[in-house]
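Peer 1: All I have is the shape, not the residue letters:
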Ligand code: GLN
């Protein structure tokens, strides 16, 4: 059962061949077997999984369930889960229990079979999961290496078979990059496609919830389960949700595919470029029209992102003041209480970004940094508009390297930020982007990123499905 895709398991559950309860038992067992090595979960929820799975089985007997229901899931600990501890990987929310479920989880169904809440970089800031206040997650492909981040717990859990699929969040690559480093599929939908309600905010103009799955079909199915308009999120798009599975096998014949020049230069490891070129060649053989495309401002996207994202988080983290949520340190006077609470509650990266963001937003520096970064963002959007008027899908690596060793970049924030060069352009533009395993380099998985225009996920998923097919990489290849 543990080797099935989520879609295959869902079908077996609906046909009564296996029960959701049996699936939850199998996942719980797998968690016990591997968690002391992987540390993907911050809060395992085995009893909740069994209880809810029992209810899904009951509902199935009495009528019907949604096509994806009953398949156990792990959820990044940045998504609010009613009555279940939600830490955001931070000490400041160590004992925080939300009062409601995130809308994406509500959409999934009445009884979400939750196996656990997954480890993450604190408040989703990072690319390795080493910024978690609860210790790093290990990459199932090589326990000495990082799983990527910030949704590293979700990626590692799926790669290690601790659940069939996962939800992560992507502000500047945090679904796609860990998916790439762990050999799974990670989709960042169009900004606004999935409600952010109940997603603890990092960069509100960038944050997206996305599926992390064993294959592209599962990605389409999980997106189907969570997408939709939500009156509780004013940035949620009031656009109809299409059938993401209908045209999945449609192939790429006649599709125009542009390889992004700026994201294939020497900043990317040669082994990674080789895998991307191989997949591009395969798509061409499958009938795609391939060309090279330029996104000139992609060179400045990282710099712009690392002004805008810290600016937004410096504002969003101000709510953690010792009064409204989580940790409170005692002190004489309210200011000293704030200071002590935030000093103890936040880790180094959170503090660094609060300082950077506050600086970039402060009077006198705002024009020099924040508004300049916003102008670069607009240029980036124009680059994409131009490129996507000529090409249907753009292709690049997802990350510049394969998974690196734990500790290799943790003392060098700039080296860590460079992990995001390929991912942040799509984040700034709000377009959908997906990472598909393209093959191996140095014996480790490499992700190929496909990007397309706003709300064109059906076509993006179809192209991703073709890329998956030509890559020859299969989930079952994992160690
Ligand atoms: N690695 C990027 C950062 O640290 C992206 C994080 C994310 O997408 N949540 O900001």
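Peer 2: Everything's here; your move. Since this is a predicted model, take the numbers as computed values, not measurements.

Peer 1: C-alpha from now on. contacts and neighbour counts both.
Peer 2: OK.

Peer 1: As a check, name the ranges of all helices in the stretch 51-200 of the chain.
Peer 2: 103-108, 152-159, 176-182 (DSSP state H, counting those that start in this stretch).

Peer 1: For residue 173, which non-adjacent residue is closest in space?
Peer 2: Spatially, and ignoring its direct neighbours in sequence, residue 173 is nearest to residue 423 (4.9 Å; CA to CA, 6 or more residues apart in numbering).

Peer 1: Please identify which of the helices of the stretch 51-200 of the chain is closest to the ligand.
Peer 2: Distance to the ligand, taken as CA to the nearest ligand atom, is lowest for helix 176-182 among these, at 8.3 Å.

Peer 1: Residues in contact with the closest one: which ones?
Peer 2: Contact with helix 176-182 is made by 127-128, 139-141, 147-152, 155-156, 159, 170, 185-188, 212, 398-399, 402-403, 420, 423, 433-437, 444-449, as judged by CA atoms under 8 Å, 6 or more residues apart in numbering.

Peer 1: Out of those, which are close to the ligand?
Peer 2: 127, 150, 170, 420 (CA under 6 Å from any ligand atom).

Peer 1: Counting neighbours, which of those residues comes out on top?
Peer 2: residue 150 (35 neighbours; other CA atoms under 10 Å).

Peer 1: pretty sure that residue contacts residue 121?
Peer 2: Yes: counting by CA atoms under 8 Å, residue 121 is a contact partner of residue 150 at 4.9 Å.

Peer 1: Need the residues touching each of the two.
Peer 2: When contacts are counted by CA under 8 Å, 6+ apart, residue 150 and residue 121 have 127-129 as shared neighbours.

Peer 1: Would you mind measuring the gap between the ends of stretch 161-175?
Peer 2: Using CA to CA, to the nearest Å, the end-to-end distance of stretch 161-175 comes to 17 Å.

Peer 1: All further residue positions should be reported with the first residue as 255.
Peer 2: From this message on, residue numbering opens at 255, which makes the last subject stretch 415-429.

Peer 1: The ligand contacts on the stretch 505-654 of the chain?
Peer 2: For the stretch 505-654 of the chain, the contact set with the ligand under CA under 6 Å from any ligand atom is empty.

Peer 1: residue in the stretch 505-654 of the chain nearest to the ligand?
Peer 2: Nearest residue of the stretch 505-654 of the chain to the ligand: residue 563, at 6.6 Å (CA to the nearest ligand atom).

Peer 1: Excluding covalently adjacent residues, which one is nearest to that residue?
Peer 2: Nearest to residue 563 is residue 457, by CA to CA, 6+ apart, at 5.2 Å.

Peer 1: pLDDT score assigned to that neighbour?
Peer 2: Looking at residue 457, its pLDDT is 97.

Peer 1: what's it in contact with, if anything?
Peer 2: Residue 457 neighbours (CA under 8 Å, 6+ apart): 425, 562-564, 566-567, 570.

Peer 1: Would you mind measuring from it to residue 568?
Peer 2: Applying CA to CA to residue 457 and residue 568 gives a distance of 9 Å.

Peer 1: go on, residue 715?
Peer 2: Separation of residue 715 from residue 568 (CA to CA) stands at 35 Å.

Peer 1: higher neighbour count, those two?
Peer 2: Legend: neighbour count by other CA under 10 Å for residue 715 and residue 568, higher for residue 715 (28 against 25).

Peer 1: just to revisit the earlier point, torsion angles phi and psi at the residue nearest to residue 563?
Peer 2: Main-chain dihedrals, residue 457, degrees, to the nearest 10: phi -110, psi 100.

Peer 1: what about it, distance to residue 566?
Peer 2: In terms of CA to CA, residue 457 sits 5 Å off from residue 566.

Peer 1: How about residue 554?
Peer 2: For residue 554, the distance to residue 566 (CA to CA) stands at 19 Å.

Peer 1: Compare those two (neighbour count), which wins?
Peer 2: Legend: neighbour count by other CA under 10 Å for residue 554 and residue 566, higher for residue 566 (21 against 16).

Peer 1: Next up, the contacts around that one.
Peer 2: Counting by CA under 8 Å, 6+ apart, residue 566 has contacts 456-458, 611.

Peer 1: Pull out the buried members of the contacts of residue 457.
Peer 2: If you count burial by 16 or more other CA atoms under 10 Å, the buried members of these come out as 425, 562-564, 566-567, 570.

Peer 1: one step back: thought the residue of the stretch 505-654 of the chain closest to the ligand was touching residue 461?
Peer 2: No: checked against CA under 8 Å, the pair residue 563 and residue 461 is beyond contact range at 9.7 Å.
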